[in-house]
Structures are given as C-alpha cells and as structure tokens.
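*Asks:* pasting a predicted model and its sequence here:
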Amino acid sequence: MAEATATTEHVYVPLWRVRLSLFWKSLRTNWAMFSENPIGLIGLGVILFFALFALAHPILMNTIWEPRVYDPISGYDMEIPFHPSPPSARHLLGTDPLGRDILSQLMYSTRYEFALGILSAVVTVVIATTIGAVSAYYGGIIDTILMRLADLVIMVPFLPILIVLSALTDVGMIELALVIGLLSGFGGTTIIIKSQALTIKVKPFIEAARVAGGSDFHIIFRHMIPNLLPISLLYMMFVVTGAIFSEAVLSYFGLTTIQMSWGIMINTTQLFGYLLRFDTWYLLIPASLAITLLCAAFYLVGRALDEVVNPRLRRR
Amino acid sequence: MWRFLGRRFVQMLITLLLFQAVTYFLIDAQPGDIADLLTLDPNIPPAERERLRAQLGLDRPPAERFITYIGNFYRGNLGVSFQEYPRPVIDIIKERLPRTVVLFLTASILSFWTGFVTGKILAWRRGGWIEYASTITGVTLYTVFTPWFALMMIWLFAVALNWLPAGKFLDPLKWLDAPISANAVFARMIWSSFFALVIVFVGFWFSNRVPRRQRLVLRAASLLVPLVGMLLYWRLSGLGFYAWDIARHLILPVLTVTLIAYGGTMLLTRTSMLETLREDYVLTARAKGLPDKVVRDKHVARNALLPVWTGLVFSLGNSVSGGIITETIFSWPGIGLTLLNSALVADIPVAMGTLTVVGVMTLISHLIADIGYAFLDPRIRYH
Amino acid sequence: MTKPLLSVENLTMHYTTRGGEVAAVDDVSFSLHEGEALGLVGESGCGKTSVAMSILRLLPDNARILGGQIWLGDLELLSLPEPEMQKVRWGRISMIFQAAMNSLNPVYRVGDQIIEALELHWGDISRQQARERVAELYQLVGLDPALMDRYPHEYSGGMRQRAVIAMALACNPDVIIADEPTTALDVIVQDRILKRLTEIQKKIGMAMIYISHDIAVIAEVSHRVGVMYAGKLVELANTVNIFERPLHPYTAGLMASIPSIHGEKRDLVTLGGEPPNLLHPPSGCRFHPRCARATGICIEQEPPFQDYGNGHYAACWHPMEVDYGSH
C-alpha cells in the first residue's frame, strides 16, 4: 500500500496507532460539538435508556420474574380473574387481553427494535456509501445509471409496497430489515452521500493517492469511504427511525409474522377491541409512546450530528 | 422548460413501467396461482385444471403475461376484484380515488402553507422558550407514531369532545332517503370547491396589480363571492345536509394528515431560513433600507423556500404512507384503505391496481413538485 | 474648513464570541467631506468592514457599539430610531459589498432588485420611470440596459459587480461605502471596474469610503487614506503624504510590501509576524510586537492619535519622520 509505506518510512509509529489517535482526537472534538446541543443529548439519553431497558429484560426474567407468568409471549397470570388488568404491583403496566405482562412485552420487544433498526441502517449505509463513492469517483455512464436508479427508487411509495409484499409473503424481522435497508440504500440516502462524495473527490489527497499509484479500488475504499463515514453515520440515524416506524406500522396492520413487537402489542389491542377506550389506556399508550420516543431519539441524534458534520449548520 | 418537462414525463413513464414490472413479477413469483386455489377440490380432474389454467392464460411465459397485463392496463382494464366479484377494479378505483386525492391534496397544501409560514416566523425569533417549544412540537409531530396520533385525535375530538364523527365517509342513517348517491354529492363538492378556489386565486392574483386602496376591497370580494355562492348552491340544491355530513367526516382525517406533515415542513423551513439569513444578498437587502418584514418575506423566505420544496419531494413517500395509515384508522374509504384491505384478503387484482394508482399518484406529485421547483428557481427555469 | 458630510467620532465596537470580547473597532475617528474619496486600508480582520457596518448599523447580533458617535450632517446615526435609519440606508448611504458575487438575490431579476430600492426611497416613482432610471444607471456603469430583465446567474462576475455598483448609485446617495468591491474579480476586470468607479465618483461628485487590503488600489482611488491596525486607526493623511512620508511604522511597512512598477531598485520588505489576536490585544501600542522601533513606552502606554500638521494624523510614540514642524 503506497500510503502505508510512505508513512512508516518517516515516522516510526505503527500506522494503526496514528490512525487510532487521530480517530480519538476527532471523536473528542466532535463530541465537544455534539454535547453543546441539548436536543442531541436528550436523544442520546433516550436511546441509552432503551438500551438498558432491553438489557434488563433477560436479567429480570432470570431473577424476579417467573417465566410462566411473565413470559412476553406465552405467559399468563392466573391469579388475576380478568384480563386485561390495569397496572398493579404485580404488573406495573398491567396485562394485555391474553393475560401477558405489558412491561415484559415492552422490554422484550426493545431489543428487536434495536436489532431491526441497526440492521437496516447498516444495510442502507453499506449500499449507499459504496454506490455514492463509486458513482462520484467514476462519473460518466456508471454515475448516470446509478443515479437514475436512485431517482426511480425515491419515487417508489415505500409503505404501500411493503404492505402488498408482506400480505403475500411471510415477512419477519430480518426480511423486513433487509427490504427497508435495500430500498433506502438505493434511494434518497445514496443521492445525498454521492453529493458529499463529489466534494471529497476533488480534494488534493485523492489526487495525491492517484499520483502515488493507488488503484481505483484502493482510493475508493481507503480514501473516499473513510471520509464519507461521518455523513453515512448521520443518515444511519434517520434510517433507524424509518425502519422502526415501518415495522411498527406493518405489525400494527397485522402484516408481519413477528411474534412480539411494539406494533404487535397495538395490533393485539385492536384485535380485542380495546383501541378506543379510555379505561384500557395501558394497552395502547406504553407501546405507542415507546415507538414515538425511540424514533424521535434517533431523529434528534441525527439532527444534532447534522450540526456537527454539516458545517453550514454549525453555530458560530 | 418544455424540453425539461418532456424529459421528466418520459422518465416518469419509464419509472411507472419499471414499478409495474417489479410489482408484477414479485407477486407472480409467489408460489401457487388462482387455478390452484380453484382446484383444491379433489373432484376436479387435473386435465380440467390445466384447461382452466390455459383459459386464464396462466400457462404462458411470465414475460408474455406481463405484456398482456400492461396492454390491458393502459386500455383501462385492470381486471376484476376477487372479493367483490365481478366488480371491475377500475370501477373501484374510480370510486375511491377522488376521496384520497381530496384528503391528500387538502392536507398537503394546508400543511405546506402553515408549516412554511410558521417556520418562517419562528426562524426570525431565535432563542428563548419559543425556539425550544417549536422544535419540540415539530419533532413530536414529525416522529410520532402515526396510527397512535390518529387514534389520539379520534379520542380527543370524537370521543372526549364529541365534536366530530370518529371515522368513515358518511353516516348511513342520514342517507336513508338521499336523492342521489354519496359519490355524486362528493363529486359536486369537489367541483364547487374547485370553482370557489379558482375565484379566490384569481381575485388575489389581480389584487396585487391594482392600487392599494382597491386591493382590500377586491380581496374581500374574492373571499365573499365564492362563500356566498357556495352557501346558495348547497341551500338551493337541497343537498347541503348531505354535503355537510361528508364534510364533517372529512375534517378529522384532513386535520390529522395536515398535522403530521406540518412538523417536517416547519422544521425544514426554520433550518433553511437560518441558513439563508447568512447569505450576502440578505445583507444587501437590509442595507437597502428594506424593513425587516420585507427582508424576511421577500428576500429570505423566497430563497429558503427552495430547499423546503426539495424536502417536500423527498418526503412525498412519507406523506403517501401517512395518508394510507390515516385512511385506515379513520376507515376513510379511499385508495389506501382499499389497498390495505385487498392486501389482507389477498385480492390480488385490487391490490395491484391500487398499488399502481398509488405509484402513479406519487409520480404525478413528483412531477408537479419538479415543475414547481422550476418555476421557483430561475437558475433551473432557464436551462 | 467646511463641515464634514460624515464624521465618525471615537467609535468603539466589540463582538461577543465564545472566546470572549473582541475589540473589533477601538476609538476610531475620521471624517469625510463632500466629493471626497477616503480609503481605509489594513490587513484582513483589522476592523475595516466593521467600521463600515457600524456606519450603516448592519452589525451581526453579537456586536455591540460601546461608544462614539456617527454624524451624517446633523443626524446622529447611532441613536437614530430604526425606521429613520432605514431611510438613511441606501437613501443617503449605500454600500457595495465585499462579496459582490453573492450580493444579488438569485431569484429576482437584477433590474427589479434596483427598482425595489428606488420604489422604497423615491416613493412616488412610476414603474416606467424606475426602469428608465435603471437603464440610465446601467449606461453609467457600462452595462447594456437590456440586461436588466435577466437573472443574476446569467451575468458574468464583472457584470454582476457593475450591476451592484449601479444598484448602490440608484438613489443618488450622499456617501457610498465600497468594501473590497473588486477583490473577487480577475485583474483585468478589476482594473476596468476600478477605473469606472473613480470616473463615476468624479463625475457625480459623491463622497466615497473605499475599503481594501490592497494599498495599491487604495492609492488609485482615494484622496485621503486611513490605515487601520487591529481595530485602531493608526494613521490618516492625504494620499500623497501617506505614500511619501508615512509616519507610522506599520504604514511604512505596508508601503514597502508593494513592488514598485517604475523600476526603481529597492528591497521588498514584508511585515514580520501575524496580526494580533483581538481577544487578547497587546498592551500599549497594539503594533509593538511587530515593530522594529518599539521601546518600553510602546508596551506600557497607548499612543495618542495626534495631528502632525497638514491634516496628517498618526498614533505612534516613535513616528518615522516629522517634517511638518514648520507650519
């Protein structure tokens, strides 16, 4: 690797340590900028809260919660005559019409929401960053084809397709994550990342790498993509929001084969006809609020990151 | 400009074809076909099944069937609904499309306008609790779980306050001895509102070209004339009672979709205004001695509108989704609800038809947005 | 001497930034007479633009004017209510901005942007009269009047600059402030525009404040020159005197940094060091860290802005030469 040998000849520090310290340094300055923004911090706080919430579930199941009663899918509390039952000391958020603990369902679902969101965001970002970099680097016909494709994909109505698709096939968490990741990876995110890649393409270090004899592959993956990662990370946040939202909507419509999720919880409420009742608020509100909060949290972190990554938005 | 439009139109047609191809082959790839379903009965011999398949054209290669499908589609033949057999799909779409378009269009215009105006004002007032309150409201509306939000609206306005009906297109009890069908009343509502709006727009457009004193009179007249006209029309035709019933059912869904879309526009306008404020021409405008309000509305907002408009294009997909969700929750019998219901009962012709209609609607909105952008930005207009 | 058209007295302006208070303009005084072109020169960040923006009261939110007065005839601008100030802007003082490339609004026709100012300040003008006035202005700056119905993106850089000058002239202002109007242009266009600007200035006889970091440009356009350093006016004299007999070592340094085109052989001197950080300005004379002549007093005390005769002012404890003594 041209760049690596050039560096090690002069500086006797291993390259990875240079990289690591540079990374650490930029992380610290970016964190300083990020942490000035209370809205971003609130978002991060909510995400951390949900992460702990998800982690706490298996611990609780193995300690104080008896699986027969508290299992989110097959549990049933026989000591309570009527289900759904309102919040009590036994069930902090009450039980659903099938006698299952709502808090347990809420916590159990959280980890799947994270998994779904992050998986689809990773798929999106891998696709969008690669396409964006390749398209910006080569230009010409490759660029035209890929960008026209992106134009097509952003015009495609997302949810209706998912509705029809999931009605005809069995759609679980992983399939859903992949489809969402693919659709947003080929669409809007690509266009934004490509425009960013274009500004990187004209930077002197790309020219330098080319003069030093770096192959196209090397330049794209070692020089362009690392510089695109901040903006990719930013759009990951927005994809997570979209993915969690889409899953919840599809599950609420009863179109997925997912066993338990926040959307399924609302779907159950609807199936048993408790949707528009004030007295059974605990069936609807916790799950809906969880979806809203987690979506909002990722969105807020995205916005705050935007101010760090995008110099035009930076406050002086 | 015309070349730009022509190119865009061709691009749109290709997109639609690709979209149809993808959906067709996706659904076609699913195991089993209608003949399998019809012939689950063991009494029907395999030969008969094959005959049925041949009759339905299922034995021919997928590509050929797709071409037949596309040919039929552009001749207006979208097949027959399984669920409401033998009602043609095109008939169902014709009935439901206006309802969706009215909901979607009213809500889009309202949310864009209110979002832009409030975002513009909020950007001018930086700092303090107003900034925080508006950001929180905007983010909440933008990220709230749409079905839940719609349910809360029903809770509030239909259940708790009992001001508006909770859903559906009309109240059947009031229509028992209606002289004409609900669809006919709805069509009249659309046309009368359309003419009323045209009068308002023309009036306001003219009012900007007359001296200041006549301006107010003209504006008042262009608001009053259609209002009185509408009242007279519905009073004299004796359909006012029925139209009001539909209108009452329309308010809550429109309000819901408007509020959901409002947050995004407001936030985007605010950001865009703050960015535009730093431009040099804004300083020039202020140096020219223009009052603050003129600087804001004429120079900053006019330029800040461009990215907001682009954002609108990117968020069209979201609005379509929001529309479908809202239709479902409010049982508003439009395209979205039909799409979901047909998908749930595997009524494939209706699902395909409505999905294509949704696709066409999205494409047309994109086209309108593009044309709008070309008008808003002279740098595009003259290329 | 007649009463000055515009006089700035002891103007002090600070910016509040995250790092602290920045003394961008510190106790600056000068005056401008009718028909006069005053050049303000200094390195970037020395407060030239801040002075201009203070005169028009177009400072950003984080700026605060701490003291001083600005008189336009009998009007004190700093205490003028905002609606009155709006009448002064462009009606009596107009400005040609640094980034002329971007000072036209991209979504409106250029002519309309000029008409907007005309309609605002000359209330009773008809559309047709306004268009005639724009055509007249276009001819004055050397643009084809047909261009007024075009959009800014259809103009070249030089054309835009001319349009901006036409816009500044539109309402026959008493004073024009030109802030680096030619910096973004290539040299030939720059020269042409500069010539046109001085021609117009002479023809109309308006007063102009010309701001630039380029002392050669300043020499070409102005009658008097003020030299600014780190927020302070350090020297003010007529153009000939400032070039022939600079008093302040900083001015002398600036002169020495331009090559002579007359072929005289002399050493090109560059000023050592960097302009000071205005968050923590140096004590005493702000130039002392870079000054070869600095002594103890320069570090301890600020030099007064003193008249050395012939309207030649300077703020320096050890001026280069004093030969006005005989007057």
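*Replies:* That came through, no problem.
*Asks:* name the SS class of C:G226, please.
*Replies:* When classified by DSSP: H, G, I helix; E, B strand; the rest coil, C:G226 comes out as strand.
*Asks:* what do you get for C:G311?
*Replies:* C:G311 ends up coil, using three-state DSSP.
*Asks:* so who does the closest residue to C:G67 other than its chain neighbours touch?
*Replies:* Distances taken as C-beta to C-beta, 6 or more residues apart in numbering or on different chains place C:T12 nearest to C:G67, at 4.4 Å, with adjacent residues excluded. Where you see a C-beta, it was placed from the backbone N, CA and C, and this is true even at glycine. Contact partners of C:T12, counting by C-beta atoms under 8 Å, 6 or more residues apart in numbering or on different chains, are C:A23, C:V25, C:D26, C:D27, C:V28, C:I65, C:L66, C:G67, C:G68.
*Asks:* repeat for A:Y252
*Replies:* For A:Y252, the contact set (C-beta under 8 Å, 6+ apart) comprises A:G263, A:I264, A:I266, A:N267, A:Q270, B:P147.
*Asks:* and these, which of them are in helices?
*Replies:* A:G263, A:I264, A:I266, A:N267, A:Q270, B:P147 (DSSP state H).
*Asks:* per-residue pLDDT, residue 16?
*Replies:* Looking at chain A here, since you left the chain open. Predicted confidence (pLDDT) for A:W16: 78.
*Asks:* switch to chain B, that's the one I care about
*Replies:* For B:L16, the model assigns a pLDDT of 86.
*Asks:* equivalent analysis for C:E264, please.
*Replies:* 54.
*Asks:* and the helices in the stretch 201-316 of chain A?
*Replies:* A:204-211, A:216-218, A:225-252, A:262-271, A:281-309 (DSSP state H, counting those that start in this stretch).
*Asks:* could you dump these to a markdown table with mean pLDDT?
*Replies:* Output for these, formatted as a markdown table (pLDDT from 0 to 100):
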| stretch | mean pLDDT |
| --- | --- |
| helix A:204-211 | 84 |
| helix A:216-218 | 85 |
| helix A:225-252 | 87 |
| helix A:262-271 | 90 |
| helix A:281-309 | 89 |
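*Asks:* which of the contacts of C:T12 are buried? Put it as a ChimeraX command.
*Replies:* In ChimeraX, a selection of the buried entries from the contacts of C:T12 looks like this (16 or more other C-beta atoms under 10 Å in any protein chain shown):
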select /C:23,25,26,27,28,65,68
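*Asks:* so which of the contacts of C:T12 would you say is closest to B:I92?
*Replies:* Closest approach between the contacts of C:T12 and B:I92, by C-beta to C-beta: C:I65, at 70.4 Å.
*Asks:* which residues touch the closest one?
*Replies:* C:L11, C:T12, C:M13, C:S54, C:L59, C:L78.
*Asks:* ok, how many other residues are close to the fifth one?
*Replies:* When neighbours are defined as other C-beta atoms under 10 Å in any protein chain shown, C:L59 has 16 of them.
*Asks:* residue closest to the middle of chain B?
*Replies:* The centroid of chain B falls nearest to B:F104 when counting by C-alpha atoms, centre = their mean (2.6 Å).
*Asks:* likewise chain A?
*Replies:* A:V240 (2.4 Å).
*Asks:* how about the nearest residue to it, chain neighbours excluded?
*Replies:* Closest to A:V240 by C-beta to C-beta, 6+ apart is A:G117, at 3.7 Å.
*Asks:* one more: B:I329?
*Replies:* B:A150 (3.9 Å).
*Asks:* and that neighbour, helix, strand or coil?
*Replies:* helix.
*Asks:* one step back: and the residue nearest to C:G67, what element?
*Replies:* Remark: C:T12 resides in strand C:6-17, with elements defined by DSSP states H and E.
*Asks:* of all of the stretch 1-150 of chain A, which residue lies closest to chain C?
*Replies:* Distances between the stretch 1-150 of chain A and chain C by C-beta to the nearest C-beta are smallest at A:E36, namely 9.7 Å.
*Asks:* for that residue, give me phi and psi.
*Replies:* According to degrees, to the nearest 10, the main-chain angles of A:E36 amount to phi -80, psi -10.
*Asks:* per-residue pLDDT of it, please?
*Replies:* 79.
*Asks:* if I look at it, how far off is B:A123?
*Replies:* Distance of A:E36 to B:A123, computed by C-beta to C-beta, to the nearest Å: 20 Å.
*Asks:* which one of these two is surrounded by more residues?
*Replies:* B:A123 (24 against 14).
*Asks:* so who does the more buried one touch?
*Replies:* B:A123 makes contacts with B:T269, B:R270, B:M273, B:L274, B:L277, B:A304, as judged by C-beta under 8 Å, 6+ apart.
*Asks:* burial of whichever residue of the stretch 51-200 of chain C sits closest to chain A, as a residue count?
*Replies:* Closest contact between the stretch 51-200 of chain C and chain A, by C-beta to the nearest C-beta, is at C:N62 (8.0 Å). The tally of other residues near C:N62 (other C-beta under 10 Å) stands at 12.
*Asks:* do the same with C:N10
*Replies:* C:N10, neighbours per other C-beta under 10 Å, totals 13.
*Asks:* now it: closest residue in space that isn't a chain neighbour?
*Replies:* Counting by C-beta to C-beta, 6+ apart, the residue nearest C:N10 is C:G68, at 4.2 Å.
*Asks:* now C:I165
*Replies:* C:V141 (5.1 Å).
*Asks:* correct me, but that neighbour touches C:V164?
*Replies:* No - at 9.0 Å, C:V141 does not count as touching C:V164 under the criterion of C-beta atoms under 8 Å.
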